[in-house]
Structure formats: structure tokens, C-alpha cells
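Engineer: Sequence and predicted structure, then a few things I'm wondering about:
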Amino acid sequence: MAQKTKHLLHILTAQPVIPVVAVDSAAEGVELARALAAGGLKAIEVTLRTPAALDAIRAISSEVPETACGAGTILEPKQFDRAAKAGAKFIVSPGATVELLDAARSSDVPLLPGSATASELMAMLEEGYEVLKFFPAEQIGGAAFLRSIAPVFPALRFCPTGGVSMNNVRDYLALPNVICVGGSWVAPKAAVAAGDWAEITRLAREAVALRDGG
């Protein structure tokens, strides 16, 4: 577990924002990954919300090697296994079940499980997890919630996702227990559909600048 946590932290601490994307084809995923990487965002989460997701993860892993492509919206062990075989460098789930944790335990691919309550946080600590997804962040208390639990769970660090945007991202990144955020605003659906990769690269650069207070 320690080695997988180290690997996950290496990915998540490399940039302040992890783009959370859904793609309609493998080719679109490759172009999107290249545009984001050109702007400095070299880790992305491709969600399994479209039929093309696994093919996109496979293509990105092969054709955009500078990008650490993760798989998101993983709800069951079968999805975990398929994403890992497709080349996902990390797995993201909105929550955690016993079955999913068992699948993660037997895999070398690190899992970022979601947790949203004190009891869930305690359960994840018991399982050896110290890096968690906080989802849906804005809807379940936002930055204020994470600030309030920091003294109670000093070992935990979070990647808040859900409702995070340029309007509130600095509130999250200012917290000592937040290592990055997950966000879809860096890859707007309209820009992806139009193939406006220059705009996505611009948004990626803007997101990278957040680390320096930009």
C-alpha cells in the first residue's frame, strides 16, 4: 500500500488540477490529452461514462506517453480490472465498496477512493488509505468541511471533485489537506466538440498557474 500511495502522490502532486473528462472517441481522447499536456496538465482522469472510455485510455497511454491517464467513475471490480488492463495509471471511484477495495488490493494500480463522511474517512484509514477523493465536494460541504475535519484527520489528504471551478478552486488549494482538485472546466464540452485544442491548452496553462497563486 505504501508504494501505491507514493505512486499516486507523485501523480496528484505534480499539478494543482486533474482534468476530469468524458470523450466520445479514442481519437478525441488523444487530441484532448495532447492539448492538456501542452498546457502543463500531464495527468488526466478519463471517466467511464461513455462507450469510448476504455479505448481512449488505451490510446492515450500508447500515443501520449507523457500523460498519466487515469480512469474514473469506477464503480465495480470488473470496471477496475478493465481499466487497469487498458493502461490506466490510477483508478478513481466516487466511493468505496468492500468488493472494489478487494480488487484494488490485488492490483498494482493505485486507487483514489471517494469518501464524504466521518465514518467513511475512518473506514478508509483502517484500510490504509491516506489519499482520498472528496466527492461531490461543493454539494457536501466544500472547502469549509475539509477545513473543519483537518484537525480530526491529520493523516488524510484530499482531491476534491464536483462543483470545483475557477470561482472557488483557490479556496480548496489554500487548504493544507488538499493536494489537488479534480475539475472539468479545463476541458469544456463545447471546446472539445469544436476541436478547439488551443483553447484547452490555454485553460490548462491557466490551471497550472494556480500553483503559483495565479
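Structural biologist: Great, that's in hand.
Engineer: got the residue ranges for the strands in the chain?
Structural biologist: The residue ranges that make up the strands of the chain, judged by DSSP state E, are 17-21, 43-47, 68-72, 91-92, 111-112, 114-115, 131-134, 157-160, 181-183.
Engineer: Can you convert those into a markdown table and add a column each for mean pLDDT, mean neighbour count and distance to residue 59?
Structural biologist: Backbone N, C-alpha and C define where each C-beta goes, glycine included. Below are those laid out as a markdown table (pLDDT from 0 to 100; neighbours: other Cβ atoms under 10 Å; distance: least, Cβ to Cβ, whole Å):
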| stretch | mean pLDDT | mean neighbour count | distance to residue 59 |
| --- | --- | --- | --- |
| strand 17-21 | 98 | 27 | 13 |
| strand 43-47 | 98 | 26 | 10 |
| strand 68-72 | 98 | 26 | 9 |
| strand 91-92 | 98 | 26 | 18 |
| strand 111-112 | 98 | 26 | 22 |
| strand 114-115 | 96 | 22 | 26 |
| strand 131-134 | 98 | 25 | 25 |
| strand 157-160 | 98 | 26 | 24 |
| strand 181-183 | 98 | 26 | 21 |
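Engineer: The ones you listed: which one's closest to residue 5?
Structural biologist: Evaluated with Cβ to Cβ, the strands of the chain place strand 131-134 nearest to residue 5, the distance being 6.1 Å.
Engineer: Quickly run through the sheet partners of the closest one, with directions.
Structural biologist: Pairing partners of strand 131-134, with direction, according to DSSP bridges: strand 114-115 (parallel), strand 157-160 (parallel).
Engineer: nearest to residue 188, of those?
Structural biologist: Nearest of those (Cβ to Cβ): strand 157-160, 19.6 Å.
Engineer: ok, back up a step: for the strands paired with strand 131-134, give me JSON lines that also has distance to residue 209.
Structural biologist: Rendered in JSON lines, the data for these read as follows (distance: least, Cβ to Cβ, whole Å):
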{"stretch": "strand 114-115", "distance to residue 209": "27"}
{"stretch": "strand 157-160", "distance to residue 209": "19"}
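Engineer: which stretches of the chain aren't confidently modelled?
Structural biologist: Residue ranges of the chain with pLDDT under 70: 213-214.
Engineer: quick one, helices of it?
Structural biologist: Under the criterion DSSP state H, helices of the chain are mapped to 2-12, 26-38, 53-63, 77-86, 98-105, 118-126, 142-149, 169-173, 189-194, 197-208.
Engineer: Please name whichever of those is nearest to residue 18.
Structural biologist: helix 2-12 (6.7 Å).
Engineer: what packs against the closest one?
Structural biologist: strand 111-112, strand 131-134 (3 or more Cβ pairs under 8 Å, 6 or more residues apart in numbering; DSSP states H and E).
Engineer: Dump these into JSON lines; add distance to residue 189 as well.
Structural biologist: JSON lines is the format used below for the helices and strands packed on helix 2-12 (distance: least, Cβ to Cβ, whole Å):
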{"stretch": "strand 111-112", "distance to residue 189": "24"}
{"stretch": "strand 131-134", "distance to residue 189": "22"}
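Engineer: ok, back up a step: which one of the helices of the chain lies nearest to residue 157?
Structural biologist: Here helix 2-12 is closest among the helices of the chain (Cβ to Cβ), at 8.0 Å.
Engineer: Now that closest one - C-alpha only, PDB.
Structural biologist: Once side chains and other backbone atoms are set aside, the C-alpha atoms of helix 2-12 remain, and they are given as PDB (Å, rounded to 0.1, in the frame of the first residue of the first chain):
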ATOM      1  CA  ALA A   2       2.800   2.400   0.800                       C
ATOM      2  CA  GLN A   3       4.300   2.000  -2.600                       C
ATOM      3  CA  LYS A   4       1.000   2.600  -4.300                       C
ATOM      4  CA  THR A   5       0.300   5.700  -2.200                       C
ATOM      5  CA  LYS A   6       3.700   7.000  -3.100                       C
ATOM      6  CA  HIS A   7       3.000   6.500  -6.800                       C
ATOM      7  CA  LEU A   8      -0.400   8.100  -6.500                       C
ATOM      8  CA  LEU A   9       1.000  11.100  -4.700                       C
ATOM      9  CA  HIS A  10       3.600  11.500  -7.400                       C
ATOM     10  CA  ILE A  11       0.900  11.900 -10.000                       C
ATOM     11  CA  LEU A  12      -1.500  14.100  -7.900                       C
END
